[in-house]
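Trainee: Got a predicted structure plus its sequence, pasted below:
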Amino acid sequence: MPSNAAEDEPGRPDDENEPKAFTNAASSESGDPPPSGARASADSEMSETSRGSGKSEAQGAAKQKKQRSFWKELPILIVVALVLAFFIQQFVARVYMIPSGSMQQTLHGCPGCTPDRILVDKVTYHFTDPAPGDVVVFRGPGPWVEDDPPTNSSDNPIAGFFQNIGSAFGLAPPDERDFVKRIIATGGQTVECCDEENRVMVDGEPLHEPYIYWQGEREQPEFGPVTVPEGTLWVMGDNRNNSADSRYQGGGGERGVVPEENIIGKARLIVLPPSRWDVVSDHNPQESAETAAMSAPAWQQGLPLAAGVLAAWPTLFVSRKIGAGTRRVVTRLVGRER
């Protein structure tokens with residue numbers, strides 16, 4: 001019979017959905033629970049929907065969290081950068097402002113001009129000894145500063161704090177107890193002035209000093225002879241007749257020498273202003289003029305250091321790019337795991 005034939009036919013997919021939908025509707029109207037297959041299908045659809053909405057909500061929350069974390073991390077990054085800069089300036093290299101004209105014309109610090117900012121290398125003298133001709137920054141020994149208290153100190157602690165920060169980054173003059181001079185003689189040598197040509201002599205030999213700047217009278221006052229004690233240095237300014245150095249500080253003589261332990265570092269480069277960019281000459285005055293002429297000029301001697309400084313910029317740029325790419329990859333991996 002037709003009705004029985006319909007029941008004996010295998011069900012088609014399109015026909016199967018209709019009875020299920022009808023059964024679900026009927027079950028909901030009658031209050032009876034739907035079949036287990038229908039319930040699983042409905043739960044699956046609901047879970048897919050909730051999963052999709054949950055994913056979008058998670059992405060939105062992650063985006064908001066990322067934006068918030070940037071502003072939270074920014075102060076930390078600034079503090080870390082300042083701390084690193086501080087430690088670098090304290091132990092590796094530091095920028096100093098030249099406060100006076102005692103090293104003219106090698107270093108500008110004259111009234112009315114823009115003072116030079118010099119990069120001082122603090123690492124060199126951990127491996128080598130200070131040598132004649134080096135331009136060094138040092139803490140004034142006791143005889144140099146006993147009657148000359150720092151003029152840049154402030155009774156206001158806040159002003160003093162900013163003064164120290166500014167001097168640490170080369171934005172303000174350093175403490176007056178820090179000096180910059182050129183080494184003329186080292187421990188055990190005897191220094192005096194002058195020979196018939198008005199030249200300073202070390203161990204009886206006249207010095208070759210092309211860096212001297214004569215401001216006014218071209219004649220050096222006599223002094224010595226002074227035997228420099230071991231472990232100390234005899235220093236003088238390039239602006240020879242306008243420099244308070246080992247000849248006068250502490251009354252001169254052995255009280256005018258500088259202990260090696262007071263040396264802060266060696267002046268390497270003039271970094272500011274841009275018009276003054278140059279390598280600081282470390283010409284050895286104890287070399288004869290002939291020997292000095294055979295040695296490489298100052299600009300060639302500074303090539304390795306300049307190359308290192310120039311190479312630092314692209315290295316820093318590449319490292320930042322690599323770091324940014326790494327952070328993006330990590331962020332994506334974390335997002336996938338979530």
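Mentor: Arrived safely, thanks for sending.
Trainee: Every contact and neighbour count from this point should use C-alpha atoms.
Mentor: Noted.
Trainee: in what helix or strand does residue 83 lie?
Mentor: Element membership for residue 83, per DSSP states H and E: helix 36-91.
Trainee: looking at the sheet around the residue nearest to residue 199 when sequence neighbours are not counted, what are its partners?
Mentor: Spatial nearest neighbour of residue 199, excluding adjacent residues (C-alpha to C-alpha, 6 or more residues apart in numbering): residue 206 at 5.8 Å. Note on residue 206: beta-bridge partners by DSSP bridges are residue 201.
Trainee: which regions of this protein lie under the pLDDT threshold?
Mentor: Along the chain, segments meeting pLDDT under 70 span 1-68, 70, 148-176, 288-338.
Trainee: where do the helices sit along it?
Mentor: Along the chain, counting by DSSP state H, helices occupy 2-8, 13-30, 36-91, 142-145, 157-168, 289-294, 298-301, 303-337.
Trainee: What about residue 129, how many residues nearby?
Mentor: 11 (other C-alpha atoms under 10 Å).
Trainee: For it, give its distance to residue 123.
Mentor: Distance of residue 129 to residue 123, computed by C-alpha to C-alpha, to the nearest Å: 11 Å.
Trainee: how's the chain carved up into domains?
Mentor: Per the record, the chain has its domains at 54-91, 96-315, by automatic domain parsing.
Trainee: most tightly surrounded among these?
Mentor: For these, average neighbour numbers computed from mean count of other C-alpha atoms under 10 Å are highest in domain 96-315, which has a mean of 17.
Trainee: returning to what we had before: okay, the residue nearest to residue 199 and residue 200: tell me how far apart.
Mentor: Residue 206 is 6 Å from residue 200, by C-alpha to C-alpha.
Trainee: what does residue 258 give?
Mentor: Per C-alpha to C-alpha, residue 258 is found 18 Å from residue 200.
Trainee: got it, and residue 179?
Mentor: Between residue 179 and residue 200 the computed distance is 21 Å (C-alpha to C-alpha).
Trainee: swap in residue 125?
Mentor: To residue 200, residue 125 is 26 Å away according to C-alpha to C-alpha.
Trainee: can you tell me which residues contact residue 206?
Mentor: Contact analysis of residue 206 by C-alpha atoms under 8 Å, 6 or more residues apart in numbering lists 195, 199-200, 286.
Trainee: actually residue 241, not the one I wrote
Mentor: By C-alpha under 8 Å, 6+ apart, the residues touching residue 241 are 214-215, 217, 219-220.
Trainee: rerun that using 10 Å as the cut-off
Mentor: By C-alpha atoms under 10 Å, 6 or more residues apart in numbering, residue 241 lies in contact with 102, 212-221.
Trainee: that older thread, where do the contact lists of residue 206 and residue 200 overlap?
Mentor: By C-alpha under 10 Å, 6+ apart, the residues touching both residue 206 and residue 200 are 191-194, 285.
Trainee: quick check, nearest of those residues to residue 116?
Mentor: Comparing these against residue 116 with C-alpha to C-alpha places residue 285 closest, at 23.3 Å.
Trainee: Is the closest residue to residue 200 other than its chain neighbours bridged to anything, and to what?
Mentor: In space, and not counting its chain neighbours, residue 200 is closest to residue 193: 4.5 Å by C-alpha to C-alpha, 6+ apart. With beta bridges defined as DSSP bridges, residue 193 has these partners: residue 200, residue 223.
Trainee: what's the answer for residue 265, then?
Mentor: Beta-bridge pairing for residue 265 (DSSP bridges): residue 137.
Trainee: Go ahead and confirm it touches residue 122.
Mentor: Yes - look at residue 265 against residue 122 with C-alpha atoms under 10 Å: they come within range, at 4.4 Å.
Trainee: shared neighbours, these two?
Mentor: Residues within reach of residue 265 and of residue 122 at once, by C-alpha under 10 Å, 6+ apart, are 91-94, 137.
Trainee: can you list those in JSON lines and add distance to residue 146?
Mentor: As requested, the shared contacts of residue 265 and residue 122 are arranged in JSON lines below (distance: C-alpha to C-alpha, whole Å):
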{"residue": "91", "distance to residue 146": "27"}
{"residue": "92", "distance to residue 146": "29"}
{"residue": "93", "distance to residue 146": "28"}
{"residue": "94", "distance to residue 146": "26"}
{"residue": "137", "distance to residue 146": "19"}
